[in-house]
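**Student:** have a look at this prediction, sequence included:
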Amino acid sequence: MPEPARSSPQSTLDRDAGLLWHPYGPLDAGAHFSVTGAAGAYVELCDTSGSPHRLLDGMSSWWAVVHGYRHPVMDAALTHQIRSFSHVMFGGLTHGPAVDLAEHLVAVTPAGLDHVYLADSGSVSVEVALKLATQYQQARGRDRSRFLALEGAYHGDTTGAMSVCDPVGGMHADFAGLLSPQLFLPRPPLPEASTVEVDAWVVRAENLVDMHGSELAGIIVEPLFQGAGGMRPYHPAALRALRRLATEIDAVFIADEIATGFGRTGADFACRSAGITPDVMCLGKALTGGYLTLAALMCSGPIAEVITASSHRALMHGPTFMANPLACAAATASVGLLFTDDTSGWEPAIARISPALTAGLAPAREMAHVAEVRVTGGIGVIELERPVDVGLTTRIAAEHGVWLRPFRRHIYTMPPYISTPETMATITAAMVAAAAAHSEGDLQ
Ligand SMILES: *Cc1c(COP(=O)(O)O)cnc(C)c1O
């Protein structure tokens, strides 16, 4: 057996390239850094030249690690569970961690979402939601399996989820033969849009639903904020109109709160701030505080009753690792912190983070090549006039002590909820510096 130099982070980087695929990256590209440790809001890493860095995680590891790394409450919950049992099948068996979590989720989500399906990841919970809506229509004696979604949407990378992602940005052309053709509405108007603009959009939605209502199993949206499809908020009246239309045609209204849930947009759940309750809500990302992969599908009583009264009587999905006890224990601890903790509870966190984003990102508003600066709750976005240079942004941010992972035209942050005014100032300064480095002069 050859002995690879396992202890060296630099050799980890070398061994990675050509061996492992990274998200949406070429096999031979490898990674920028190798992570050697993480604590609180910081990740410790090593670059290709072997130099160590300690960077603030401006991404919360893709919006999930809201309490930071090695949080004592999270670590204790997992240690406790691992000493009891780490996994057991969920077919025919149950366990405390799953029931505890489900009870917590029913208690914190909008009233009426009383039933829980635990899935392996966000994308899988979206698949289950689409299957649930289809089963619901079957049970009602209807042949309906199409979905209405929004342009600019992102709902995950599995095929069902991909089919309801933005048709252009969502890889539809690459996988045309694999994806069900769905119906799309244009992006809803921004929160500051005029009544005339909002009304025109609602009329368009009404017309589309009038035409295709009898084909629609469900309507699926990211409530109030579109994440990976464009980092863009929209008007609550548009969300309310879609909820109303779903009720009118008896389509299942699915709110994908995988990114927006648990306070990120400035409300515990975006649906609640718009005053609506969906039939189905998908939760993920921050659900486990980013410790393990897990998603939850919350379902209303009336929808669940129809499924139960159908010939299958069951929701036809059952993953091997369903309701993994370690993931459930992490999620229960995370949800507990989110709703009670003074530091990483969503409400005090957003109250600290949101004004720090507004103040810290203000200098970018003056830059000619910046299209827009937007702050929505705990989300800060600098949108450039053209695509971001990812390598340049990564380097400038790291020089400022921050880890950022921009995409398309967006230099953005979804900072950990444990962020302080000081760490927020560091993150926003890094974003502003990265944006400044994109001015024509600097790039030439
Ligand atoms: C990240 C995300 C998903 C997919 O979740 P995974 O855990 O990556 O499968 C789905 N919907 C939204 C809104 C997301 O942000």
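**Tutor:** Cool, the structure landed.
**Student:** point me to the residue of the protein nearest the ligand.
**Tutor:** residue 122 (2.1 Å; CB to the nearest ligand atom). C-beta: built from backbone N, CA, C; applies to glycine.
**Student:** that residue touches residue 156, doesn't it?
**Tutor:** Yes - at 5.5 Å, residue 122 and residue 156 qualify as touching, with contact defined as CB atoms under 8 Å.
**Student:** looking at the two, which is more packed in?
**Tutor:** Using other CB atoms under 10 Å, the more surrounded residue of residue 122 and residue 156 is residue 122, with 28 against 24.
**Student:** pLDDT weak spots in the stretch 301-444 of the chain?
**Tutor:** Scanning the stretch 301-444 of the chain for pLDDT under 70 picks out 441-444.
**Student:** show me where it has helices.
**Tutor:** Using DSSP state H, counting those that start in this stretch, the helices of the stretch 301-444 of the chain run over residues 301-309, 325-340, 346-361, 390-399, 421-436, 440-443.
**Student:** and the stretch 51-200 of the chain, which residues reach the ligand?
**Tutor:** Within the stretch 51-200 of the chain, the residues that sit near the ligand (CB under 6 Å from any ligand atom) are 121, 122, 123, 126, 154, 155, 156.
**Student:** how about the helices of the stretch 301-444 of the chain in a markdown table, adding distance to residue 55 and mean neighbour count?
**Tutor:** Converted to a markdown table, the helices of the stretch 301-444 of the chain look like this (distance: least, CB to CB, whole Å; neighbours: other CB atoms under 10 Å):
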| stretch | distance to residue 55 | mean neighbour count |
| --- | --- | --- |
| helix 301-309 | 44 | 15 |
| helix 325-340 | 23 | 23 |
| helix 346-361 | 17 | 20 |
| helix 390-399 | 6 | 18 |
| helix 421-436 | 9 | 21 |
| helix 440-443 | 22 | 9 |
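**Student:** tabulate those (a markdown table), appending distance to residue 131.
**Tutor:** Shown next, in a markdown table, are the helices of the stretch 301-444 of the chain (distance: least, CB to CB, whole Å):
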| stretch | distance to residue 131 |
| --- | --- |
| helix 301-309 | 10 |
| helix 325-340 | 21 |
| helix 346-361 | 30 |
| helix 390-399 | 35 |
| helix 421-436 | 39 |
| helix 440-443 | 47 |
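**Student:** what's the nearest residue to the spatially most central residue of the chain if we skip its chain neighbours?
**Tutor:** Residue closest to the average C-alpha location in the chain (CA atoms, centre = their mean): residue 259, at 2.7 Å. Setting aside the residues directly before and after it, residue 259 is nearest to residue 227 in space (CB to CB, 6 or more residues apart in numbering), at 3.9 Å.
**Student:** same deal with residue 314?
**Tutor:** residue 307 (7.4 Å).
**Student:** so the one you found touches residue 133, yeah?
**Tutor:** No - with contact defined as CB under 8 Å, residue 307 does not count as touching residue 133 (10.2 Å).
**Student:** neighbours around residue 25, how many?
**Tutor:** For residue 25, using other CB under 10 Å, the count is 11.
**Student:** please shift the residue numbers so they start at 530 in all later answers.
**Tutor:** With 530 as the first residue, the last one maps to residue 554.
**Student:** confidence score at it?
**Tutor:** Looking at residue 554, its pLDDT reads 93.
**Student:** buried stuff in the host helix or strand of residue 582?
**Tutor:** Following DSSP states H and E, one finds residue 582 within strand 581-586. Neighbour counts over strand 581-586 (16 or more other CB atoms under 10 Å) mark 582, 584, 585, 586 as buried.
**Student:** what mean pLDDT does the helix or strand containing residue 565 get?
**Tutor:** Using DSSP H and E, residue 565 falls within strand 562-568. For strand 562-568, mean pLDDT is 97.
**Student:** any idea how far the helix or strand that comes right after it is from the middle of the chain?
**Tutor:** Counting by DSSP H and E, the element after strand 562-568 in chain order, helix or strand, is strand 571-576. Relative to its chain's centre, strand 571-576 lies at 24 Å (CA atoms, centre = their mean, to the nearest Å).
**Student:** give me the mean pLDDT for strand 571-576.
**Tutor:** On average, strand 571-576 scores 96.
**Student:** show me what it is in contact with.
**Tutor:** By CB atoms under 8 Å, 6 or more residues apart in numbering, the surrounding residues in contact with strand 571-576 are 538-539, 541-542, 561-567, 581-586, 598, 927, 932.
**Student:** again with stretch 637-647
**Tutor:** Against stretch 637-647 from outside (CB under 8 Å, 6+ apart): 619, 627, 630-631, 634-635, 654, 657, 661, 797-798, 800-801, 806-807, 810, 812, 823-830, 833, 844, 846, 851-852, 857, 864, 867-868.
**Student:** please list only the buried members of those.
**Tutor:** Applying 16+ other CB under 10 Å to the contacts of stretch 637-647 flags 619, 627, 630-631, 634, 654, 657, 661, 797-798, 800, 806-807, 810, 812, 823-829, 833, 844, 846, 851-852, 857, 864, 867-868 as buried.
**Student:** surely residue 676 touches residue 714?
**Tutor:** No - with contact defined as CB under 8 Å, residue 676 does not reach residue 714; the gap is 11.4 Å.
**Student:** can you pull out the helices in the stretch 680-829 of the chain?
**Tutor:** Assigned by DSSP H, counting those that start in this stretch, the stretch 680-829 of the chain shows helices spanning 688-692, 724-741, 765-778, 799-802.
**Student:** could you dump the third one to CSV, C-alpha only?
**Tutor:** Going back to what we said before, that points to helix 765-778. Only the C-alpha atoms of helix 765-778 are listed here, as CSV (Å, rounded to 0.1, in the frame of the first residue of the first chain):
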residue,chain,number,x,y,z
PRO,A,765,-45.6,39.6,-0.9
ALA,A,766,-48.7,40.4,-3.0
ALA,A,767,-47.4,38.0,-5.7
LEU,A,768,-46.9,35.2,-3.1
ARG,A,769,-50.4,35.8,-1.8
ALA,A,770,-51.9,35.7,-5.3
LEU,A,771,-50.3,32.4,-6.0
ARG,A,772,-51.6,31.0,-2.7
ARG,A,773,-55.1,32.1,-3.6
LEU,A,774,-54.9,30.7,-7.1
ALA,A,775,-53.7,27.3,-5.8
THR,A,776,-56.7,27.2,-3.5
GLU,A,777,-59.1,28.1,-6.4
ILE,A,778,-57.9,25.2,-8.6
